[in-house]
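In: just coords:
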């Protein structure tokens with residue numbers, strides 16, 4: 001098996017590829033709704049003669065935001081996430097079941113997408129420009145990251161619960177009960193945490209829907225690339241090391 005340093009390097013390289021894939025996806029499917037939301041915001045500001053921000057110049061042009069800015073954000077996020085993914089894989093490999101490196105990477109990616117992206121999205125979905133109140137930005141950010149922490153903790157507890165049930169109920173039943181327990185905990189948290197809805201009246205529902213789908217799709221592309229590509233690299237290394245070991249036995 002690879003050392004922690006080798007896994008970390010591979011994870012960051014795969015994260016670079018995942019960030020590039022996320023950039024392409026976000027450009028193709030997310031920039032349209034973002035542009036439409038900005039147009040709505042500009043039209044709304046122009047309709048109010050005394051709007052304080054109507055005449056303010058852009059600090060960064062829209063072209064730079066949608067190209068260099070977006071690419072930098074997705075690549076940096078991908079590299080950082082790839083490093084964390086590699087560490088999570090190192091912890092999970094051989095401890096969550098008798099899975100191959102490829103299958104373990106896929107399971108870690110699935111768990112990461114569900115806990116870090118999908119569950120928080122269900123409670124606090126991403127919103128395009130012109131749909132948020134600047135005064136509540138800190139509150140919204142704090143609640144979103146709180147949802148991530150709770151989801152990750154609940155996911156880890158669900159895995160531990162499933163491993164504890166496995167000898168008693170078997171793998172299939174233990175997995176189902178652990179998943180149900182996770183869903184119940186998340187449902188309770190969703191009900192307990194406050195709901196924030198700041199979409200202005202008249203904002204196009206289709207634009208909001210398309211932006212949120214593109215945001216979730218970008219996360220899905222990132223995690224899928226991490227799981228599939230990282231698993232393939234590690235699995236290839238494992239098989240490459242296994243071949244010399246079996247060669248003497250074959251020749252004998």
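Out: Arrived safely. Note that the structure is predicted; figures quoted are calculated from it, not measured.
In: So what's the residue count around residue 165?
Out: Per other Cβ atoms under 10 Å, the neighbour tally for residue 165 reads 18. Quick note: C-beta positions are derived from backbone N, CA and C, even for glycine.
In: Give the closest residue to it in space, chain neighbours not counted.
Out: In space, and not counting its chain neighbours, residue 165 is closest to residue 174: 3.7 Å by Cβ to Cβ, 6 or more residues apart in numbering.
In: Kindly report the same for residue 110.
Out: Here the nearest residue to residue 110 in space, its sequence neighbours aside, is residue 227; by Cβ to Cβ, 6+ apart that works out to 6.9 Å.
In: if we can go back for a sec, the residue nearest to residue 165 reaches residue 160, doesn't it?
Out: No: counting by Cβ atoms under 8 Å, residue 174 stays clear of residue 160, with 11.1 Å between them.
In: which one of the two has more residues nearby?
Out: residue 174 (18 against 12).
In: what sits against residue 121?
Out: By Cβ atoms under 8 Å, 6 or more residues apart in numbering, residue 121 lies in contact with 212, 215, 216, 219.
In: and which of these is nearest to residue 122?
Out: Nearest to residue 122 among these: residue 216, at 9.8 Å, using Cβ to Cβ.
In: May I ask which helix or strand encompasses the closest one?
Out: If you go by DSSP states H and E, residue 216 is part of helix 205-251.
In: Output the lowest mean pLDDT helix or strand found in the protein.
Out: helix 62-64 (a mean of 75; mean pLDDT, DSSP states H and E).
In: got the contact list for it?
Out: Contacts for helix 62-64 (Cβ under 8 Å, 6+ apart): 35, 38.
In: from the chain's centre, how far out does stretch 230-237 sit?
Out: 21 Å (Cα atoms, centre = their mean, to the nearest Å).
In: Pull out the buried residues from it.
Out: 230, 231, 233, 234, 235, 237 (16 or more other Cβ atoms under 10 Å).
In: Flag the shaky bits of the protein, pLDDT-wise.
Out: Scanning the chain with the threshold set as pLDDT under 70 gives 1-2, 44-60, 238-252.
In: Using the record's assignment, carve it into domains.
Out: 4-113+206-251, 132-198 (automatic domain parsing).
In: Out of the ones you listed, which is closest to residue 120?
Out: domain 132-198 (4.2 Å).
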